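K.L.:
Sharing a sequence plus its predicted fold:
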Amino acid sequence: MAMPDPGCVREIRDNHGRRYRVGESPEVLIGRPRSSVLWQAWLPMAAVGVLQYGYGAAVPALMERNGWGLVGAMWLLAAWTVLQAGVGLPTAYLRDRHRIEPRQVMLVGAVLSALGLAVLAHSTDLVGALLGYALLGGTGAGLVYAACTSTVAKWYPEKMGRRVSAVTGAYAYGSVPFIVAAVVGLDAANLTLVLDAAAVVLFLLVAGPGLFFRDPPERWWPAEVDPREWALRNPARRMNPPAVREFSPAQAMQTRELPVMCLILLGAGAVSLFNAAFVVVYASGITAAAGVVALAAGLFAGVNGAGRALSMRISDRVGRCRTLAVVLAVQGLAQLVFAMSATSGSAGAVVVAAALAGLGGGGFYPIFASLAREYFGEESALEVHGVVYSAKAAGGVLGVGLAVLAVTAWGWAVAFAVAAVVSLAAARATGALQRPGLPRTLPLPRLPERTSEYAV
């Protein structure tokens with residue numbers, strides 16, 4: 001591979017003082033256009049997303065074969081979510097501080113994810129499934145998620161939000177074929193064979209592209225885009241200005257905004273995970289038509305993925321926080337429609353609610369990734385976002401583990417009503433977000449002192 005010419009590499013500063021390394025083309029650095037990085041990340045994300053979004057479709061077959069109750073089956077997914085979300089922060093730390101190559105992360109993630117699915121295929125007891133599917137599979141999926149999103153972000157610094165949202169969208173809608181097939185034809189008799197085959201396919205789709213993952217140089221910027229012109233004239237940049245200064249992760253934790261972002265993601269993620277885990281089980285109780293159940297579950301996952309790119313496009317125009325509030329309000333509305341369907345038994349309402357839940361249940365994830373950069377700066381963005389994303393772990397316990405207890409104790413209508421309150425409260429909390437470092441109120445004007453001219 002040809003080495004870059006040192007003479008063509010230069011450092012540029014924009015009007016905010018940010019530095020950019022300009023001059024090296026992707027063809028020189030990795031021997032191919034950077035669009036290949038996007039597709040190489042898209043395939044693994046579509047594969048590992050089955051572990052989260054496809055699990056709910058496999059729950060009836062798992063319960064039938066293994067003799068599990070609904071509570072045990074769902075707590076397994078809750079544990080998986082804790083590992084998947086929790087591994088993001090240490091991965092970001094190692095990637096930022098020790099420059100671990102994404103290729104290494106991807107290969108380890110491929111092995112662990114495939115092993116987790118294989119253990120689920122053969123284990124009939126919850127302890128074995130917990131050690132395999134939750135511990136190995138959750139960790140592996142988290143590694144793949146972190147490596148794919150961070151690598152795409154590094155190669156597309158001027159289109160970061162849109163490109164990362166396209167990749168994370170595959171994490172949801174990539175599972176649609178598996179969901180539909182599982183609803184229609186998966187049962188206790190063929191469960192082991194199907195999951196074994198899925199484990200092999202998953203490994204190949206993750207490890208194959210992962211072998212070619214490479215990071216660009218630090219602060220790399222595409223030569224065809226003038227960073228100073230981009231910083232001044234990009235409409236999305238004007239609507240969503242950069243951070244006032246660079247915050248370290250420790251400094252970010254001392255602001256009010258980062259804990260608020262974590263709380264919002266906790267609530268939003270809990271409701272989204274509640275829908276992802278239970279949509280097949282719930283829809284199956286409303287209608288016996290497998291086609292309707294498959295339509296509802298497929299719509300939820302498909303719209304969930306597509307809605308991520310849509311939310312980023314809208315937030316580029318109207319602002320991140322405003323879009324975030326609308327997205328969470330739509331998710332809250334979906335829970336109310338679900339609750340209405342629980343009382344009326346309407347299959348059509350279930351399908352409408354699933355589509356709305358998908359639209360609102362995925363769009364907030366890429367917005368938080370962008371807010372981490374626009375609030376706290378570029379240098380520690382991966383670690384700061386890792387802190388925020390780790391709130392999904394608590395959301396899994398709340399939205400899957402505790403939610404299944406609520407469903408069995410209170411019924412579907414009450415559970416969906418509670419989910420609506422949580423999502424709408426998260427939407428309301430977005431009003432507390434403001435870029436750190438800015439004054440929260442304008443200073444009061446100082447009145448002139450009374451002089452003897454005006455004395456009585």
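P.N.:
Perfect, thanks for sending it.
K.L.:
Quick check: closest non-adjacent residue to V318.
P.N.:
The spatially closest residue to V318, leaving aside those adjacent along the chain, is M239, at 7.1 Å (Cβ to Cβ, 6 or more residues apart in numbering). Every residue, glycine included, has its C-beta placed from N, CA and C.
K.L.:
make that A114, sorry
P.N.:
Counting by Cβ to Cβ, 6+ apart, F203 is the residue found nearest to A114 once chain neighbours are left out, at 3.8 Å.
K.L.:
Number of residues surrounding that neighbour?
P.N.:
Using other Cβ atoms under 10 Å, F203 has 19 neighbouring residues.
K.L.:
Assign R21 to helix, strand or coil.
P.N.:
Three-state assignment for R21 (DSSP: H, G, I helix; E, B strand; the rest coil): strand.
K.L.:
Can you report how many residues lie near it?
P.N.:
Here the number of neighbours of R21 (other Cβ under 10 Å) works out to 16.
K.L.:
how about it, what does it touch?
P.N.:
The neighbourhood of R21, defined by Cβ atoms under 8 Å, 6 or more residues apart in numbering, consists of 9-11, 217-221.
K.L.:
So what sits opposite it in the bridge?
P.N.:
For R21, the beta-bridge partners under DSSP bridges are E11, W220.
K.L.:
if I look at P242, how far off is K154?
P.N.:
With distances taken as Cβ to Cβ, to the nearest Å, P242 is found 17 Å from K154.
K.L.:
Compare those two and say which is more crowded by neighbours.
P.N.:
Set side by side, P242 and K154 show unequal neighbour counts under other Cβ under 10 Å, the larger going to K154 at 21 against 18.
K.L.:
picking up where we left off before, I'd assumed G319 was in contact with the residue nearest to V318.
P.N.:
Yes - taking Cβ atoms under 8 Å as the definition, M239 is a contact partner of G319 at 5.4 Å.
K.L.:
Okay, and the spatially most central residue of the chain sits in which element?
P.N.:
Most central in the chain under Cα atoms, centre = their mean is Y365, positioned 4.2 Å from the mean C-alpha point. Under DSSP states H and E, the secondary-structure element containing Y365 is helix 364-376.
K.L.:
Over to V293?
P.N.:
Under the assignment here (DSSP H and E), V293 is part of helix 290-318.
K.L.:
My read is that L62 contacts W68, right?
P.N.:
Yes - here L62 lies in contact with W68, judged by Cβ under 8 Å, at a distance of 6.2 Å.
K.L.:
in stretch 109-126, what's buried?
P.N.:
Buried residues in stretch 109-126, counting neighbours by 16 or more other Cβ atoms under 10 Å, are found at 109-121, 123, 126.
K.L.:
what packs against the helix or strand harbouring A114?
P.N.:
Element membership for A114, per DSSP H and E: helix 102-122. In terms of contact count using 3 or more Cβ pairs under 8 Å, 6 or more residues apart in numbering; DSSP states H and E, helix 102-122 is assigned the packing partners helix 35-53, helix 88-97, helix 126-129, helix 138-155, helix 191-210.
K.L.:
and those helices as a markdown table, adding mean pLDDT and distance to S25?
P.N.:
Listed next are the helices and strands packed on helix 102-122 as a markdown table, based on pLDDT from 0 to 100; distance: least, Cβ to Cβ, whole Å:
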| stretch | mean pLDDT | distance to S25 |
| --- | --- | --- |
| helix 35-53 | 94 | 13 |
| helix 88-97 | 85 | 23 |
| helix 126-129 | 92 | 47 |
| helix 138-155 | 94 | 12 |
| helix 191-210 | 96 | 21 |
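K.L.:
so which of these comes closest to F274?
P.N.:
Using Cβ to Cβ as the measure, helix 35-53 is the one of the helices and strands packed on helix 102-122 that comes nearest F274, at 12.7 Å.
K.L.:
what inclination does that closest one have with respect to helix 138-155?
P.N.:
For the pair helix 35-53 and helix 138-155, the angle between their directions (axes from the mean of the first three to the mean of the last three Cα atoms, to 10 degrees) equals 150 degrees.
K.L.:
In helix 35-53, which residues are buried?
P.N.:
By neighbour count on 16+ other Cβ under 10 Å, the buried set for helix 35-53 is 37-38, 40-53.
K.L.:
Could you check how far it is from the centre of its chain?
P.N.:
Here the centre of mass of C-alpha atoms in helix 35-53, compared against the chain's by Cα atoms, centre = their mean, to the nearest Å, lies 13 Å away.
K.L.:
and which of the contacts of R21 is nearest P249?
P.N.:
Proximity of the contacts of R21 to P249, judged by Cβ to Cβ, is greatest for E218, which lies at 17.6 Å.
K.L.:
Can you pull the phi/psi pair for the closest one?
P.N.:
According to degrees, to the nearest 10, the main-chain angles of E218 amount to phi -60, psi 140.
K.L.:
Next one: it relative to D96, how far apart?
P.N.:
When Cβ to Cβ is the yardstick, E218 and D96 sit 10 Å from each other.
K.L.:
who has more neighbours, the two?
P.N.:
Taking E218 and D96 together and counting by other Cβ under 10 Å, D96 has the greater number of neighbours (18 against 11).
K.L.:
Please report how far that one lies from Q331.
P.N.:
The value you get for D96 to Q331, if Cβ to Cβ is used, is 31 Å.
K.L.:
Then I264?
P.N.:
Using Cβ to Cβ, one obtains 12 Å as the distance from I264 to Q331.
K.L.:
one step back: shouldn't the residue nearest to A114 be in contact with G109?
P.N.:
No - contact status for F203 versus G109: not in contact, 10.1 Å apart, counting by Cβ under 8 Å.
K.L.:
ok so, going back, any chance of a ChimeraX selection covering the buried ones in the contacts of R21?
P.N.:
With 16+ other Cβ under 10 Å as the burial test, the buried ones among the contacts of R21 are selected in ChimeraX as follows:
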select :219,220,221
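K.L.:
And the contacts of R21, which is closest to A288?
P.N.:
Using Cβ to Cβ, these come closest to A288 at W220, 55.1 Å.
K.L.:
For the stretch 301-450 of the chain, which segments are assigned as helices?
P.N.:
Per DSSP state H, counting those that start in this stretch, the stretch 301-450 of the chain has helices spanning 320-344, 347-362, 364-376, 381-389, 391-396, 403-410, 412-429. These are given in chain order.
K.L.:
Of those helices, which is nearest A250?
P.N.:
So among the helices of the stretch 301-450 of the chain, helix 381-389 is nearest, using Cβ to Cβ, at 9.9 Å.
K.L.:
And the contacts of that closest one?
P.N.:
Contact partners of helix 381-389, identified using Cβ under 8 Å, 6+ apart, comprise 85, 88-93, 95-96, 146, 150, 153, 247, 249, 252-253, 258, 261-262, 265, 368-369, 371-373, 376.
K.L.:
and the angle for it with helix 138-155?
P.N.:
Our comparison of helix 381-389 with helix 138-155, counting by the same axes, to 10 degrees, yields an angle of 140 degrees.
K.L.:
and helix 381-389, how far out from the chain's middle?
P.N.:
Centre to centre, stretch against its chain (Cα atoms, centre = their mean), the figure for helix 381-389 is 12 Å.
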